[in-house]
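Engineer: Using only what follows, build the 3D model:
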Amino acid sequence: MRTWTLDAKSVETWGQGSWEHQDHRNQLSFGSMARNLNEFESSLESTAPSGEDDSASWEQYLERRNLVLQFLHSSLSLHHLQHQRNKAELLKKCCFYLEIEPKHVNMIDLNYEMHCIDILEVIDPIQWERMKKVGKNQAQIQLSLLTDLLEQLEQGREELSCCVETWDMVTFLSGWEGIMQRLFKLSEYMETLIPLQVPGQLYVKHRLVSRADLTPLNHNIRLSLSTKMPLIFDRKGSFAGKDWAKLKWSDENQESPPEQCELHIKLLTNGSQAEPEYSRFQPVTSNMCIVQDLQPGRPYKFTISRSLTRTFVFGDWHDSITLKTKTDAAEDGDSSTWMPEG
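Structural biologist: Here you go, the predicted structure:
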């Protein structure tokens, strides 16, 4: 599980797991880029070409053009933008949870014995549900902003590429101030993009603990959002027999222990009213499941999702796979012939 660290107040100023690994070989330091642009602009002010010095103008054009190309080949490279786009798409498929600290609290009973209990047992359930809604709104806003920023960066790359590929020297030099402004704005977008890829803390405005003897706890409670990677079916390891199917799935975190999941099984029909729809849920606690009592020669759609818990905030995406059971009993004995469909 990955915990986001961006403050909720920062999200409000923007309108508002681990995801920290970056492709540094393709990323240019934004601070370094800004300093280079400032230093280069200052050095050029004293050497600005007169209308008669074509050689100086050409040198100035090449230097400025190469500066833009450097930015396009590093921070704004197609490889780097695709890397960021893939991370954003994966984040949209994650499940989001509300994390609370501390997780346990010591309480003294009527016999003056101390017990360590789960802090959720003393949290006001109404306030807890309210904070889950706040967390959902914050995460959805952040995901929306992340998508918008990536679109701005992709559009900015197209505009800068057009400048260096199609503009002649006179047009490029006369439009340099606008190009500089675009470079600075895109650098700011890139700096904002990184923190948007991790969730943030939630500002607690209401008392989560209403019991009078435990009200001091409210000052120490901290809430934040965390994510769990999406569950993805193993397309090669999932197959169907005559009246059963074997399904396997996993997430990117291979070290995470098995957790409660729900497998949705749906018989796919041709939409005829003569054939009633059939579906059922099957709880599972591992990354593999064998589904029995299926009809031979029929297609089934299987969907895997994590079970809802008290800390679950939202997760709209679930992976699905379609398999068709075998019609010949002989095929049921040869696993090498079983291939998933879908």
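Engineer: Excluding covalently adjacent residues, which one is nearest to K228?
Structural biologist: C95 (4.7 Å; Cβ to Cβ, 6 or more residues apart in numbering). Where C-beta positions appear, they are placed from N, C-alpha and C, glycine not excepted.
Engineer: Isn't that neighbour up against L225?
Structural biologist: No - at 10.8 Å, C95 does not count as touching L225 under the criterion of Cβ atoms under 8 Å.
Engineer: With neighbour numbers in mind, choose between these two.
Structural biologist: Applying other Cβ atoms under 10 Å to C95 and L225 shows that L225 carries more neighbours, namely 27 against 23.
Engineer: quick one, what contacts the more buried one?
Structural biologist: 3-4, 96-99, 135, 138-139, 199-202, 313 (Cβ atoms under 8 Å, 6 or more residues apart in numbering).
Engineer: one more time with 6 Å
Structural biologist: Applying Cβ atoms under 6 Å, 6 or more residues apart in numbering to L225 gives the contacts 4, 96, 135, 139, 199.
Engineer: still on that earlier bit, tell me, what's the model's pLDDT at the residue nearest to K228?
Structural biologist: For C95, the pLDDT comes out at 94.
Engineer: And for the one 5 residues further on?
Structural biologist: In this model, I100 is scored at 91, pLDDT.
Engineer: ok so, going back, what about the contacts of L225, which are in helices?
Structural biologist: Secondary structure from DSSP state H places 135, 139 of the contacts of L225 in helices.
Engineer: Most neighbours among the contacts of L225, please name it.
Structural biologist: Going by other Cβ under 10 Å, P199 tops those with 31 neighbours.
Engineer: so where is the chain shaky, pLDDT-wise?
Structural biologist: 1-53, 205-206, 212-213, 215, 254-256, 271-274, 329-342 (pLDDT under 70).
Engineer: Geometric centre of it: which residue is closest?
Structural biologist: L91 (1.2 Å; Cα atoms, centre = their mean).
Engineer: L149 contacts E191, correct?
Structural biologist: No - if you go by Cβ atoms under 6 Å, L149 and E191 don't touch, sitting 10.3 Å apart.
Engineer: Of those two, give the one with the bigger neighbour count.
Structural biologist: Higher neighbour count among L149 and E191: L149, with 19 against 13, using other Cβ under 10 Å.
Engineer: residue boundaries of the helices in the stretch 51-200 of the chain?
Structural biologist: For the stretch 51-200 of the chain, helices defined by DSSP state H, counting those that start in this stretch occupy the ranges 54-73, 78-92, 125-166, 169-174, 176-196.
Engineer: who touches K248 in this structure?
Structural biologist: 234, 237-238, 288.
Engineer: does V313 sit in a helix, a strand or a coil?
Structural biologist: Reducing the assignment at V313 to three states with DSSP: H, G, I helix; E, B strand; the rest coil gives strand.
Engineer: What helix or strand is I290 located in?
Structural biologist: In the assignment (DSSP states H and E), I290 maps to strand 288-291.
Engineer: Quick check: buried residues in that strand?
Structural biologist: Within strand 288-291, the residues scored as buried using 16 or more other Cβ atoms under 10 Å are 289, 291.
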